[in-house]
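Engineer: Here is my input; please provide its structure:
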Amino acid sequence: MSKYEELYKRIKEEIISGQIKPGAKLPSVRKAAVLYAVSRTTVQNAYFALAADGFIYSEPQSGYYVSRRTAERIEDKKAGAKGRVIYDFKSGSADKNSFEFDVWRRYMKNALRDQESLLTYGEPQGEERLREVLAEYIREKRNVVSSAGRIVIGAGVQSLLSVLCSLTDKKGTVSFPDRSFVQGASLFGDYGFTVGYRNKNADIIYVSPSHMNKRGDVMPNKRRMELVELAAANHSLIIEDDYESDFQYSVSPAPSLHALAGGGNVIYMGSFSNLLLPSIRISFMVLTPELAEKYKKNIFKYNQTAAKTEQIALCQYIQDGRLKAQIRKTRRFYTSKARVFARMLEERIPAAQIEISENALQIILTAPFDKEPSIFEKNGISLNIEKYENKTITAILNTGAVPQKKFEAAADAIAEILKK
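Structural biologist: Numbers count the residues shown, from 1 in each chain. Down below sits the predicted model:
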C-alpha cells in the first residue's frame, strides 16, 4: 500500500468511527503534511481520493470538509447491520413536513380554553357540533347525505367496527378484499362472523374503493355499480371504508358507493389519520337509518373513545377551511415525493420497470432478482413484496415515511441490492 493509500485509509476510518465529525474541517494540505509526517503530494492525493469517494468535499478558498451525507449513510449502514429499519417504505407513516404543527397547536390551545365543555364527559356518539360539521363536509365532498344523528365518531376505524358488530344480530358471513385486512377480519371473527375474501355473496362486504389493495388501485365506476346492484339484490350490507379518497390525484374522482346506493345498505366510514397525523385518532361512520335507530336505543352501552379536546379542535379546523387546505398540501406533497423517488430508481436501475399507482402514492417496482427477499430487511429496507417468482421481484414502496433527504441513499441501497 502506497503512502497516500495508507493516509486515505486512516482518515476514512476516523470519519467512519466518528472521531472526525460530519461537517468538520480537515487540516490544510500543508498542516496535514506536518501532522502525518508525509509530503504535501501524499496529502493532496489522499484528499482527492476521499473526495472522489464522497467522504469529504472541497470548499474553494476554504478547504476540505467531512461530508454530512456520507456520515448519515455510514450511520444508516450501522443501523442496518443491527437489524433496524432505516428506510421504511412499508408502514405509510407520516412525513413531518406534510403537516403544519403550529396551526394544529393553536386549535388545540383554543379547544383547551373551552372550559365548560371540558368539565363533562364526551358524548358516546361524538360531539354534536363536530357531527353536524362532518355531515356537511361529506355531503359536499362525497355526496354522502346524512343527518348528524346517523354519524358515530370513534378513535379509529377498529373501534367503530366493534360498535357495528355489536349492532348486528345475525352473525353471518363477511368478506374482505384480501388477507391484508388482518385487524378487521380478526374483529369480525371474534364476534362470531364467518370471514371470507372476495366473496360477492357475503352478508357483509367490506371494501375500500379508493385504495383497494397495497398497490393503491382505485375501483372503477363500472365495478362500483355492479357491487351496489349485487348487494341490493342479495340484501347485503356494504361497509365503504373511504380510505384515501382525497388522494385520487391521477384519476378522476369516483362517486362513493353510499351515493350510488342512496345510502340504504351502505355504511360509510372515514378517518382523519392520513389527512392530518396518525396520532390524531378520529374516525367516523354513517349508519343506515335502521342501525342508527338501534344504536340510539342502546347508546348507554357505549363510551366515546376519541379525545374530546381533539374533536373540538377538529370541528373548528374544518369550519375554518383548514382541512381543505391541508388536503391540497398533503396530496401535492406525497404525490411529488413518489414521483421524485420513482425517477431516482429509474436512473439507478435501468433494468427495472417502475410504475406509480393509480392513487399516485405508491411505487411499483419490478426487476430481475435471484436472491432471498430477506436481503432487503437485512439492509434496513422495509417494503411490501407483492410477488417473487421466475427470478423476478415485484415490490410496492410507499415513500410517505422516508424523509426526502434520505432518498438518494435509499435509492442507492435498493439499486445495490438489485445489481448484486
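
Engineer: Poorly predicted segments of the stretch 51-200 of the chain, please.
Structural biologist: The model of the stretch 51-200 of the chain has pLDDT under 70 over residues 70-83.

Engineer: Now do the helices in it.
Structural biologist: Applying DSSP state H, counting those that start in this stretch to the stretch 51-200 of the chain gives helices spanning 68-81, 101-113, 115-118, 128-142, 157-167, 182-190.

Engineer: what's the most buried one of the ones you listed?
Structural biologist: Ranked by mean neighbour count under mean count of other Cβ atoms under 10 Å, those are led by helix 157-167, which reaches a mean of 20. For the C-beta atoms, the positions are set from N, CA and C on the backbone; glycine is no exception.

Engineer: What lies in contact with that one?
Structural biologist: With Cβ atoms under 8 Å, 6 or more residues apart in numbering as the test, helix 157-167 has contacts from 152, 154, 183-184, 187-188, 191, 193, 239, 241, 267, 269, 271, 283-285, 287, 291, 294-295, 298, 301-302, 305.

Engineer: Need the buried ones from the residues you listed selected in ChimeraX.
Structural biologist: Selecting the buried subset of the contacts of helix 157-167 in ChimeraX, with 16 or more other Cβ atoms under 10 Å as the burial test, is done by:
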select :152,154,184,187,188,193,239,241,267,269,271,283,284,285,287,291,294,295,302,305
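
Engineer: What about the contacts of helix 157-167, which are in strands?
Structural biologist: Under the assignment DSSP state E, the contacts of helix 157-167 contribute Val152, Gly154, Ile239, Asp241, Ile267, Met269, Ser271, Ser283, Phe284, Met285 to strands.

Engineer: Now render those as CSV, adding distance to Pro255.
Structural biologist: Listed next are those as CSV, based on distance: Cβ to Cβ, whole Å:
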residue, distance to Pro255
Val152, 23
Gly154, 25
Ile239, 17
Asp241, 16
Ile267, 16
Met269, 16
Ser271, 19
Ser283, 21
Phe284, 19
Met285, 19
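
Engineer: related to what we said a few turns ago, how about the helices of the stretch 51-200 of the chain, which one is nearest Thr335?
Structural biologist: Proximity to Thr335 (Cβ to Cβ) singles out helix 128-142 among those, at 18.6 Å.

Engineer: Check which helices and strands the closest one sits against.
Structural biologist: Contacts defined by 3 or more Cβ pairs under 8 Å, 6 or more residues apart in numbering; DSSP states H and E place helix 128-142 against strand 151-154, strand 266-271, strand 283-286, helix 308-319.

Engineer: Nearest to Lys171, out of these?
Structural biologist: Judged by Cβ to Cβ, the one of these that comes nearest to Lys171 is strand 266-271, at 16.4 Å.

Engineer: tell me what the closest one is packed against?
Structural biologist: Secondary-structure packing of strand 266-271 (3+ Cβ pairs under 8 Å, 6+ apart): helix 128-142, helix 157-167, strand 237-241, helix 257-261, strand 283-286.

Engineer: What angle do helix 157-167 and it make with each other?
Structural biologist: In terms of direction (axes from the mean of the first three to the mean of the last three Cα atoms, to 10 degrees), strand 266-271 departs from helix 157-167 by 150 degrees.

Engineer: Alpha carbons of strand 266-271, as CSV, please.
Structural biologist: What follows is strand 266-271, C-alpha atoms only, in CSV (Å, rounded to 0.1, in the frame of the first residue of the first chain):
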residue,chain,number,x,y,z
VAL,A,266,-74.1,1.2,2.8
ILE,A,267,-72.1,2.1,6.0
TYR,A,268,-69.8,4.9,5.0
MET,A,269,-66.6,5.3,7.0
GLY,A,270,-63.9,7.9,7.0
SER,A,271,-60.8,8.9,9.0
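
Engineer: Relative to it, what are the paired strands and their orientations?
Structural biologist: Using DSSP bridges, the strands paired with strand 266-271 are strand 237-241 (parallel), strand 283-286 (antiparallel).

Engineer: JSON lines please, covering those strands and showing distance to Tyr137.
Structural biologist: Formatted as JSON lines, the strands paired with strand 266-271 follow (distance: least, Cβ to Cβ, whole Å):
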{"stretch": "strand 237-241", "distance to Tyr137": "16"}
{"stretch": "strand 283-286", "distance to Tyr137": "10"}
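
Engineer: Turn those strands into a markdown table, including distance to Leu118 and mean pLDDT.
Structural biologist: Formatted as a markdown table, these follow (distance: least, Cβ to Cβ, whole Å; pLDDT from 0 to 100):
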| stretch | distance to Leu118 | mean pLDDT |
| --- | --- | --- |
| strand 237-241 | 31 | 94 |
| strand 283-286 | 21 | 95 |
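
Engineer: returning to what we had before: who wins for proximity to Gln311 among the helices of the stretch 51-200 of the chain?
Structural biologist: Gln311 sits nearest to helix 128-142 of all these, at 4.9 Å, using Cβ to Cβ.
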